[in-house]
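In: Pasting the sequence and the predicted model now:
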Amino acid sequence: MAGPTTRLRRLSTGLAATCGVAVLAGTGPAVAAGAPAAWTGTWSTAVTGAATPPVPATVFEDQTLRQIVHISVGGRSLRVRLSNEYGTEPLAIGEVRIARRATGAEIVAGTDRGLTFGGRSSFSVPPGAPALSDPVALTAPAGSDLAVSIHLPRRTPAATVHSSAFQTNYIAPGNVTRSPTLPGATTSTSWHFLSGVSVAAAPRAASVVAFGDSITDGATTTLDADRRWPDLLAERLRDRAAPRDLGVLNKGIGGNRLLHDGNTVADGPFAGIGPTLGDSALDRFDRDVLAQPGARYVIVLLGINDIGLPTSIAPPSEAVTVDEMIFGYRQLIARAHERGLRIFGATLTPFEDTAIPGYYSEANEAKRIAANRWIRTSGEYDGIIDFDRAVRDPARPGRLLARYDSGDHLHPNDAGMRAMADAIPLRLFDGAVTGDPAVAAGAGR
């Protein structure tokens, strides 16, 4: 399943070393002067390879990408993670800057900061590698937007991408990273070469990783509205009175599967998109979950594409049994527990009559029901989140409730995302380590 490039990415994966800086973390207590800062993720996305021909390739040259991210937890010192993890040639960076975003491509006056990486403002990222910035002082309130501006001086294929950002980003000619506005910029709804932002955190801060497919990624939600269920979970966590700050990191990828990579999509209308569906969950778990700064909890919502894709756009040879899916879930549980994370299983949501030809069948629905039965009753997860119950039609449980249906009978709309976020028992996040008693499904605050 994994070739040489994937193995190189695995070798580059690891926890970032901390740096000794004196900072204050958001609303939390001060970090002692001279003590190493603990870093917690406040925003993240899952990167993939770019679409392959016949899809036209995106190439940048002497252009500035101003990319907008909505952070979950606040801080007064930030770090940015770039990624060339799917590149096959060095990624030349001319300059990177970060600022508070006002509106559109405009930044808040007085908040623009230059970023260095290993002390350098311009540098090259090797193929298959990430790059982590040095800390920079910038007060960023929880729930605010940041603008990360990257100048790409050379011809640069967009090899590392998150293709479905559901966020408007901006592309302008030349190095205009310092410009307060970008008049005449073109727009994109993808994030390129950008994979994370972390904050210097209070001692009890931590992050929750939402690990999933297009439903976690935010498919069909309103553009620029931050209505993905992980965004709405972050909002709920900010609103509650709790002794810790919790960041929420969205590691959803449209079309992602538990057991198979996305690079084997069959010919037809979806040919070429395979790489953008991402590596399998088993492949990317170490990088996208275990290596995330401050990760203490992970929510797994994966499996519906393992069921539906082999009867629609993926090769039939990639069909999986429920037992094979359970094997995959157990591997994620074991790997999370080995690193001291609490891991929560989310039930698979309904998809009867979905618009994707061949995706739904009675046999596929039987697999979904069986997988959900195991998630609910096995006792192997540290807690259960019943998304299925939250959004299904009680009169026809194989379908989404009409008021939560985006129209394709697979992806919840904004209201459905709210129902999913509201179904997550917040007390799941009160335990600090694995081994605590499992929290019953449906438990409240």
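Out: In hand now; what should we look at?

In: how about the residue nearest to the spatial centre of the chain, secondary structure?
Out: Geometric centre of the chain, nearest residue: K251, 2.2 Å, by Cα atoms, centre = their mean. Using DSSP: H, G, I helix; E, B strand; the rest coil, the structure places K251 in strand.

In: mind checking the SS state of F285?
Out: helix.

In: Would you mind measuring from it to I424?
Out: For F285, the distance to I424 equals 21 Å [Cβ to Cβ, to the nearest Å]. (C-beta placed from N, C-alpha, C; glycine too.)

In: So for the helix or strand containing G308, mean pLDDT?
Out: Per DSSP states H and E: G308 is located in helix 304-308. Taken as a whole, helix 304-308 has an average pLDDT of 98.

In: List the contacts of the helix or strand following it.
Out: The C-terminal neighbour of helix 304-308 among helices and strands, as given by DSSP H and E, is helix 322-338. By Cβ atoms under 8 Å, 6 or more residues apart in numbering, the surrounding residues in contact with helix 322-338 are 211, 258-259, 281-282, 285-286, 289-290, 298, 300, 302-303, 306, 342-343, 345, 367, 370-371, 374-375, 378, 380-381, 434.

In: go again using 6 Å as the cut-off
Out: 258-259, 282, 285, 298, 300, 303, 306, 343, 367, 370-371, 374, 380, 434 (Cβ atoms under 6 Å, 6 or more residues apart in numbering).

In: Report the buried residues of that helix.
Out: 322, 325-326, 328-329, 332-333, 335-337 (16 or more other Cβ atoms under 10 Å).

In: and of these, the nearest to T52?
Out: G328 (25.8 Å; Cβ to Cβ).

In: how much space between the closest one and V322?
Out: Following Cβ to Cβ, the distance that separates G328 from V322 is 11 Å.

In: about what we covered before: give me the buried entries from the contacts of helix 322-338.
Out: Looks like those have 258-259, 282, 285, 298, 300, 303, 306, 343, 367, 371, 374, 380, 434 buried, using 16+ other Cβ under 10 Å.

In: Out of those, list just those in helices.
Out: 282, 285, 306, 367, 371, 374 (DSSP state H).

In: Can I get those residues in a markdown table including distance to A158?
Out: Shown next, in a markdown table, are those (distance: Cβ to Cβ, whole Å):
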| residue | distance to A158 |
| --- | --- |
| L282 | 26 |
| F285 | 25 |
| D306 | 28 |
| K367 | 36 |
| A371 | 35 |
| W374 | 39 |
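
In: V73: what's it in contact with?
Out: V73 neighbours (Cβ under 6 Å, 6+ apart): 42, 142, 245, 247.

In: a markdown table for the residues you listed, including pLDDT and secondary structure?
Out: Putting the contacts of V73 into a markdown table (pLDDT from 0 to 100; DSSP: H, G, I helix; E, B strand; the rest coil) gives the following:
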| residue | pLDDT | secondary structure |
| --- | --- | --- |
| T42 | 98 | strand |
| A142 | 95 | coil |
| D245 | 90 | coil |
| G247 | 97 | strand |
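
In: which one of the residues you listed sits closest to S121?
Out: Nearest member of the contacts of V73 to S121, counting by Cβ to Cβ, is T42, at 22.9 Å.

In: and that closest one, how far is that from V136?
Out: For T42, the distance to V136 - Cβ to Cβ - is 14 Å.

In: Compare the two (neighbour count), which wins?
Out: Neighbour count, other Cβ atoms under 10 Å: between T42 and V136, T42 has more, with 33 against 16.

In: Confirm for me that the more buried one is in contact with S72.
Out: Yes: at 5.2 Å, T42 and S72 qualify as touching, with contact defined as Cβ atoms under 6 Å.

In: Identify the contacts common to those two.
Out: G247.

In: what's near enough to touch the residue nearest to the centre of the chain?
Out: Neighbours of K251 in contact, by Cβ under 6 Å, 6+ apart: 46, 209, 211, 288.

In: bridging residues for it?
Out: Taking DSSP bridges as the rule, K251 bridges to F211.

In: OK, contacts around T220?
Out: 406, 411 are the contacts of T220 under Cβ under 6 Å, 6+ apart.

In: Now it. Its backbone dihedrals?
Out: Phi and psi for T220, reported as degrees, to the nearest 10, are phi 70, psi 0.

In: List the residues that contact I304.
Out: L348.

In: swap the cut-off to 7 Å and go again
Out: Listed by Cβ atoms under 7 Å, 6 or more residues apart in numbering, the contact set of I304 reads 213, 348, 351, 368.

In: In helices, which of these fall?
Out: R368.

In: want to try a markdown table for the contacts of I304, with neighbour count as columns?
Out: Output for those, formatted as a markdown table (neighbours: other Cβ atoms under 10 Å):
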| residue | neighbour count |
| --- | --- |
| D213 | 25 |
| L348 | 24 |
| F351 | 23 |
| R368 | 23 |
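
In: of the contacts of I304, closest to T177?
Out: Scanning those for proximity to T177, where the rule is Cβ to Cβ, the winner is D213, at 33.5 Å.

In: Could you measure from that closest one over to D323?
Out: Between D213 and D323 the distance is 20 Å, computed by Cβ to Cβ.

In: Need the pLDDT of the residue lying farthest from the centre of the chain.
Out: Residue farthest from the centre of the chain, counting by Cα atoms, centre = their mean, is A395 at 33.1 Å. The model reports A395 with a pLDDT of 97.

In: Please report how far it lies from A402.
Out: When A395 is compared with A402 (using Cβ to Cβ), they lie 10 Å apart.

In: Pull the contacting residues for S280.
Out: 1, 257-261.

In: pLDDT at the residue nearest to the centre of the chain, what is it?
Out: pLDDT, K251: 98.
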